[in-house]
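A.B. asks: Just need the structure, nothing else, for what follows:
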Amino acid sequence: MFSPYPRTRGALRALVTTLALTGSVAAQAPPTPTVVDTRLAVREVVGGLVTPTTMAFTGDDEMLVLEKQTGRVLHVADGAVDATALDLAVNNASERGLLGIALDPAFASNGFVYLYWTCTAPPPPADNPYVPTAVECADQPALGADVGDVLAVPLLGNRVDRFVYNASTKTLTWDRNLVKIRSFQHDAAPTPAGQGDAAQPARGNHNGGIMTFGTDGKLYVIIGDNGRRGMLQNLANGPTPPGGALMQDDQFGGPEPDRAHLTGVILRLNGDGSTPTDNPFYAAGAAMGGEVGASVAKIYAYGIRNSFGMAVDPKSGNLWEQENGDDSFDELNLVTPGMNSGWIQTMGPLSRVAQFRAIETDPAFFGLQQLRWSPVNIATTPADALARMAMLPGASFSDPEFSWKYAVAPAAIGFMSGRGIGPQYDGDLFVGMSVPVPEGGVLMRFDLTGNRRKIAVDEPGLEDLVDDNAAKRTFAESASLIFGRNFGVVTDIETGPNGSLYIVSLTHGKVYEVYSVKEVKAKEKKLK
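C.D. replies: Down below sits the predicted model:
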């Protein structure tokens, strides 16, 4: 989930140099996580993992844990890794790798496990590094050796596959591919001419990768913008100044969202990979026809820069996601059908678009990764920003439910389901941060309003639902919402079968459990 390139000021860049992307941070013992509630405690469930990203419970004391760098799906039981269920051959450069897992709603009977990962391909030759050697990998996944070359991917190297889990052998067997999505990024290509990206290095970031099943039984998949600058990034004419002539997004076409430009979106799929007919843009896609129409039909939401966290509210069934800004306005969003999240025309509340523009054009931060679309193109008024958005039929924009003025690098989000750590936490939204030391990886807690559609706050200064922090990776008014510290880079948050809160730390190489001391003591007393 990391990008090693100095011009990539994405959510997690600050910690790349400490990671070395091989788990080398384990050489120095990480600080012990703590929570502010003295009635709760933190303990390590399993350690010694290599860049763990996400997890899923397969039983009361059993889970599958994914490792970004190695492509391994590990089976953990009773606090120890006891099997490798699968070892995919992943491209793990930058933010690629083995990223997301979701269990089918009928997992207990069908054993279906869904994985989001990045496959590999031979790198292109040095005399023409701008075109990948393959459009896509074979449906049947390759296993074994992993690759760190940022160019060693096919065009559509990010993918979602369904596997079948065998509880007896603790193994995963491939069943089918659901979708293949854009991964290759080398935008210094000489074509199309005149884009101004000749100095752009090859990248591998903004791949998203989080998946979840909704209460409707549909699979939701999030991918970041992958550095694209097309229709789904609210640039109907591609990477040109406002009112400019139509321009291809890159050497592979665009700006229309064909398969190579289906990025910055949340996809909504059936469990077999087909497109639900009640998707918000299904009719619009059918009217467009062809490859572009098929892509549009899959979309549940778009205009998303990048995200490392998406979760379903267990109380309402609503879908939420966190969204990472570049240098400004990280967001928490309630995702409604047909949502246009606003990127690249705005981040944060629309009323603050002038602040968004001021920060992103500040010499200290100037640039929005792609050189081709300069931040000087950002609108100066809310009305202008809204008018510039590329609105699919039925799409709508709404302000985020919460944001930070300067980026603080949120990562995983998750809801507490049940009263396992106390009734006061039931239904609360937890957000894991990747703020570097001295904060050491903050865990924040948010209450929701009675209708479960808004963030509820009573802290002074947060009435506008914006933390007006003064610098990146710092907290101001939202500091009072800090629930825990020293969790490292938090890449997953789940409620366990026992009612505890489970936290995956990529940089610590561990899974932690936040538990109720009272409940544990009561169980121990009962066993005596």
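A.B. asks: And the helices in the stretch 201-350 of the chain?
C.D. replies: In the stretch 201-350 of the chain, the helices defined using DSSP state H, counting those that start in this stretch lie at 282-288, 290-298.
A.B. asks: Which of those helices has the highest mean neighbour count?
C.D. replies: helix 290-298 (a mean of 20; mean count of other Cβ atoms under 10 Å). For the C-beta atoms, the positions are set from N, CA and C on the backbone; glycine is no exception.
A.B. asks: Quick check: closest non-adjacent residue to the residue nearest in space to the middle of the chain.
C.D. replies: Most central in the chain under Cα atoms, centre = their mean is F308, positioned 2.3 Å from the mean C-alpha point. Computed as Cβ to Cβ, 6 or more residues apart in numbering, the closest residue to F308 that is not its neighbour in sequence is A411, at 4.3 Å.
A.B. asks: Assumed that neighbour was part of a strand.
C.D. replies: Yes - secondary structure of A411 (DSSP: H, G, I helix; E, B strand; the rest coil): part of a strand.
A.B. asks: Neighbours of it, how many?
C.D. replies: 29 (other Cβ atoms under 10 Å).
A.B. asks: can you tell me how far it sits from H261?
C.D. replies: 26 Å (Cβ to Cβ, to the nearest Å).
A.B. asks: re the thing from before, doesn't T491 make contact with the residue nearest to the centre of the chain?
C.D. replies: Yes - at 6.7 Å, F308 counts as touching T491 under the criterion of Cβ atoms under 8 Å.
A.B. asks: Please enumerate the strands of the stretch 301-450 of the chain.
C.D. replies: 309-312, 319-323, 328-335, 339-340, 402-406, 410-415, 429-433, 443-448 (DSSP state E, counting those that start in this stretch).
A.B. asks: closest one to V353 among these?
C.D. replies: strand 328-335 (9.6 Å; Cβ to Cβ).
A.B. asks: about what we covered before: pretty sure the residue nearest to F308 contacts N306?
C.D. replies: No - using Cβ under 8 Å, A411 is not in contact with N306; the gap is 10.8 Å.
A.B. asks: Strands along the stretch 151-300 of the chain, start to end?
C.D. replies: Under DSSP E, counting those that start in this stretch, the stretch 151-300 of the chain gives strands at 158-166, 171-181, 211-213, 219-223, 265-269, 299-302.
A.B. asks: Dump those strands to TSV, plus mean neighbour count, mean pLDDT and distance to L40.
C.D. replies: Formatted as TSV, those follow (neighbours: other Cβ atoms under 10 Å; pLDDT from 0 to 100; distance: least, Cβ to Cβ, whole Å):
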stretch	mean neighbour count	mean pLDDT	distance to L40
strand 158-166	21	99	32
strand 171-181	19	98	34
strand 211-213	21	98	25
strand 219-223	26	99	30
strand 265-269	24	99	32
strand 299-302	26	99	34
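A.B. asks: where does this structure dip in pLDDT?
C.D. replies: 1-27, 436-439, 521-528 (pLDDT under 70).
A.B. asks: hmm, 50 instead?
C.D. replies: 1-26 (pLDDT under 50).
A.B. asks: Provide a list of residues in contact with D326.
C.D. replies: Contact analysis of D326 by Cβ atoms under 8 Å, 6 or more residues apart in numbering lists R9, G10, R305, M347, E360, F365, G367, L368, Q369, A407.
A.B. asks: Save these as a markdown table, and put in distance to V113 and neighbour count too.
C.D. replies: Shown next, in a markdown table, are the contacts of D326 (distance: Cβ to Cβ, whole Å; neighbours: other Cβ atoms under 10 Å):
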| residue | distance to V113 | neighbour count |
| --- | --- | --- |
| R9 | 34 | 20 |
| G10 | 28 | 27 |
| R305 | 28 | 25 |
| M347 | 34 | 30 |
| E360 | 40 | 23 |
| F365 | 40 | 18 |
| G367 | 39 | 16 |
| L368 | 36 | 26 |
| Q369 | 33 | 25 |
| A407 | 33 | 25 |
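A.B. asks: Tell me the one of these nearest L386?
C.D. replies: M347 (13.6 Å).
A.B. asks: The closest one: what's it in contact with?
C.D. replies: R305, E323, G325, D326, S328, F329, E331, F356, S403.
A.B. asks: what's the spacing between it and V150?
C.D. replies: Taking Cβ to Cβ, one finds M347 at 26 Å from V150.
A.B. asks: Correct me if wrong: R159 contacts C119.
C.D. replies: Yes - R159 lies in contact with C119 (Cβ under 8 Å); the separation is 6.2 Å.
A.B. asks: Overlap in contacts, the two.
C.D. replies: What both R159 and C119 touch, as defined by Cβ under 8 Å, 6+ apart, is the set C137.
A.B. asks: Quickly note the distance from P105 to T277.
C.D. replies: Distance from P105 to T277, by Cβ to Cβ: 19 Å.
A.B. asks: Sorry, wrong one. I was asking about T171.
C.D. replies: 35 Å.
A.B. asks: ditto for L448
C.D. replies: 31 Å.
A.B. asks: what does T54 give?
C.D. replies: When T54 is compared with T277 (using Cβ to Cβ), they lie 29 Å apart.
A.B. asks: The two: who's more crowded?
C.D. replies: It is T54, of T54 and T277, that has more neighbours when counted by other Cβ under 10 Å, with 26 against 10.
A.B. asks: so who does the more buried one touch?
C.D. replies: By Cβ under 8 Å, 6+ apart, the neighbours of T54 are V65, L66, L99, G100, I101, I210, T491, D492, V504.
A.B. asks: Distance to W343 for those residues - can I get that in TSV?
C.D. replies: Below are the contacts of T54 laid out as TSV (distance: Cβ to Cβ, whole Å):
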residue	distance to W343
V65	31
L66	27
L99	20
G100	21
I101	26
I210	17
T491	22
D492	24
V504	26
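A.B. asks: Closest one to G441 out of these, please.
C.D. replies: Among those, and counting by Cβ to Cβ, the member closest to G441 is T491, at 10.5 Å.
A.B. asks: Look at the closest one and say how many residues are nearby.
C.D. replies: The burial count for T491: 29, using other Cβ under 10 Å.
A.B. asks: Do I have it right that it meets M433?
C.D. replies: No - assessed by Cβ under 8 Å, T491 is found out of contact with M433, at 11.2 Å.
A.B. asks: overlap in contacts of the two?
C.D. replies: A411.
A.B. asks: residue contacts, the closest residue in space to G440 that isn't next to it in sequence?
C.D. replies: Excluding the flanking residues, the one nearest G440 by Cβ to Cβ, 6+ apart is N486, at 4.0 Å. By Cβ under 8 Å, 6+ apart, the contact list for N486 reads P30, P31, T32, P33, T34, G440, G441.
A.B. asks: count of neighbours near the closest residue to K405 other than its chain neighbours?
C.D. replies: Nearest residue to K405, sequence neighbours excluded (Cβ to Cβ, 6+ apart): D468, at 5.1 Å. Residues near D468, counting by other Cβ under 10 Å, number 15.
A.B. asks: shouldn't D468 be in contact with F475?
C.D. replies: No - here D468 does not reach F475: they are 10.5 Å apart, not a contact under Cβ under 8 Å.
A.B. asks: And the residue nearest to D250 when sequence neighbours are not counted, how far from N205?
C.D. replies: Spatial nearest neighbour of D250, excluding adjacent residues (Cβ to Cβ, 6+ apart): D187 at 5.8 Å. Separation of D187 from N205 (Cβ to Cβ): 12 Å.
A.B. asks: Neighbour count for the two, which is higher?
C.D. replies: More neighbours surround N205 than the other of D187 and N205, with 26 against 23 (other Cβ under 10 Å).
A.B. asks: Tell me who's in contact with L246.
C.D. replies: N237, G238, T240, P255.
A.B. asks: Got phi/psi on the second one?
C.D. replies: Which is G238. When read as degrees, to the nearest 10, the backbone of G238 gives phi 90, psi -170.
A.B. asks: does it really touch E256, like I thought?
C.D. replies: No - taking Cβ under 8 Å as the contact criterion, G238 and E256 are not neighbours in contact, 9.2 Å apart.
A.B. asks: Next, show the common contact partners of those two.
C.D. replies: G230.
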